[in-house]
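> please find the sequence and the predicted model below.
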Amino acid sequence: MNHKQTSSLFRVALKNPKVSLNKIKHFIDKQFDGTLPFPRLLRFFLFYGCNLRCRMCGQWGEKGIASISEAKDFIALDKLVRLLDEAAPHHPEIYLWGGEPTLHPNFQEFIHEIKKRKLTCTINTNGLLLERHCQAILENHVDSIDVSLLGTEQVHDFIVRAPGSYKQVMRGLSALSRGKQRPLINAIVTLSNNNLENAESLLSEIETNPAIDLTILQLGWFVPCAAGKGYEDRMRDEFSIRAESWRGFQNDDPAEKAPDTKDFLERVTNNRRYKKPILLFPDIKLTQVTPYFANHADLLGHSKCWTLYRGLDIRPNGDVVICADFPDYILGNIHEESIQRIWSGGKAKAFRESIAKNGLLPICSRCCGLFR
Ligand SMILES: C[S@@+](CC[C@H](N)C(=O)[O-])C[C@H]1O[C@@H](n2cnc3c(N)ncnc32)[C@H](O)[C@@H]1O
Ligand code: SF4
Ligand code: SF4
């Protein structure tokens, strides 16, 4: 990051003390071993379905494995509120995602309940319904929004496969920016072959958009067939389950993207043209971009999955998992047990023990859980 970006990141951090405090807690957590008594991060996969079909999405995209029969699944508000009541004394960070979380029929009531309990709340959204929910987001003081932007207008609409989407997201963002005390707004730009050439133009638009505070450039997650099969075998042998979620991220030729991605990142990092912070996720060095794509097994210095000991994901049918993007191993269901019991229960322990004893799973090397 250049000097201007560092100071603007500092300003953003000061303006959003709760979000910054969570980052600090997270950093401290990572220095210590052991499972926390209650998850630090509680993710709600709030609504199974989605109103978009983004090309690269492991759920609803070209290779996506989402099931149409579950598209309308969500947890009822009264149950969600009881989960918050259990969680609130432990002050976890709440992260809403999906599918598309803003489609939950009681989305506004739920964010009200989260913020009534003074929990930090981030919403990860495609942004289509931001305008509709703007007032509730502002009134309840939601802390941050991760909004997906995939290109300038034409490219974004091409990737999400819905004309008019970009304009709709922009209307939502400008409605939010009119609020006196608005959330921190992060543009999440998931890089793919479809937007690499356009991403610099997008960054220029972000620079001049008063609603957006910073950009996170996200390298796509992917699983080559051999690693996926290795994962399936291990989950069958150790836990007797069918583990096929990796197929949504199947890609056997990601290396083709490496040179262009590296060139692009070299051009934009430290470029004085950009004054707003631009962060890379996973947070790897430029010299690691080629191995990131070319050598799936390379852990790039991350040998431990933080999420195993710190985070849970609650799915629309009540199932609870640790691996949010690969929800094959179910720890329990919140319609049958408390979060606490699931977190410290036998299935969670068995999963952590398997990884401690036999090493990370073959899919872990390109999973967001590893790089948090
Ligand atoms: C699955 S979406 C769910 C939340 C919401 N629907 C959205 O699009 O923001 C979560 C994030 O994953 C990103 N994403 C989609 N496909 C991906 C992939 N193959 N690799 C990495 N990130 C991906 C999206 O761009 C989005 O920022
Ligand atoms: S909006 Fe999110 S969940 Fe929906 S298809 Fe796009 S990336 Fe996937
Ligand atoms: S890194 Fe591995 S163990 Fe951790 S969340 Fe991802 S798939 Fe699960």
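Good, I have the coordinates. Ligands and ions are numbered 1, 2, ... in the order given.
> now do the contacts for the spatially most distant residue from the centre of the chain.
Largest separation from the mean C-alpha position in the chain: residue 237, at 29.3 Å (Cα atoms, centre = their mean). By Cβ atoms under 8 Å, 6 or more residues apart in numbering, residue 237 lies in contact with nothing. Glycine gets a C-beta too; all of them are placed from N, C-alpha and C.
> all helices for the stretch 201-350 of the chain, in order.
Assignment of helices within the stretch 201-350 of the chain using DSSP state H, counting those that start in this stretch yields the ranges 225-239, 258-268, 289-294, 307-310, 339-343, 346-358.
> the stretch 1-150 of the chain too?
Under the criterion DSSP H, counting those that start in this stretch, the stretch 1-150 of the chain contains helices at 3-15, 17-30, 77-87, 107-116, 130-139.
> now the helices of the stretch 201-350 of the chain in a markdown table, with mean pLDDT?
Output for the helices of the stretch 201-350 of the chain, formatted as a markdown table (pLDDT from 0 to 100):
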| stretch | mean pLDDT |
| --- | --- |
| helix 225-239 | 98 |
| helix 258-268 | 92 |
| helix 289-294 | 94 |
| helix 307-310 | 93 |
| helix 339-343 | 98 |
| helix 346-358 | 96 |
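> need the winner for burial among these.
The highest mean neighbour count among the helices of the stretch 201-350 of the chain, using mean count of other Cβ atoms under 10 Å, belongs to helix 307-310: a mean of 21.
> that one and ligand 3, are they touching?
Yes. Counting by Cβ under 6 Å from any ligand atom, contacts between helix 307-310 and ligand 3 involve 307, 308.
> export that helix to CSV, keeping only CA atoms.
Output in CSV follows, covering the C-alpha atoms of helix 307-310 (Å, rounded to 0.1, in the frame of the first residue of the first chain):
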residue,chain,number,x,y,z
THR,A,307,-11.7,-21.3,11.6
LEU,A,308,-11.6,-24.8,13.2
TYR,A,309,-11.1,-23.2,16.6
ARG,A,310,-12.9,-19.9,16.2
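> re earlier: dump the helices of the stretch 201-350 of the chain to CSV, plus distance to ligand 2.
Below are the helices of the stretch 201-350 of the chain laid out as CSV (distance: least, Cβ to the nearest ligand atom, whole Å):
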stretch, distance to ligand 2
helix 225-239, 19
helix 258-268, 19
helix 289-294, 20
helix 307-310, 19
helix 339-343, 24
helix 346-358, 25
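> can you check which of the ones you listed gets nearest to residue 108?
Residue 108 sits nearest to helix 339-343 of all the helices of the stretch 201-350 of the chain, at 23.1 Å, using Cβ to Cβ.
> got the contact list for the closest one?
35, 38-39, 42, 83, 86-87, 312, 314, 320, 331-334, 348.
> how close does the residue of the chain found nearest ligand 3 get to residue 324?
Going by Cβ to the nearest ligand atom, ligand 3 is nearest to residue 369 of the chain, at 2.5 Å. To residue 324, residue 369 is 7 Å away according to Cβ to Cβ, to the nearest Å.
> got a pLDDT number for residue 272?
Per-residue pLDDT puts residue 272 at 88.
> leaving out chain neighbours, which residue sits closest to it?
Leaving aside its chain neighbours, residue 272 sits nearest to residue 2 (5.4 Å; criterion: Cβ to Cβ, 6 or more residues apart in numbering).
> is it true that that neighbour touches residue 270?
Yes. Contact criterion Cβ atoms under 8 Å: residue 2 and residue 270 qualify, at 5.2 Å.
> more crowded one of these two?
residue 2 (16 against 13; other Cβ atoms under 10 Å).
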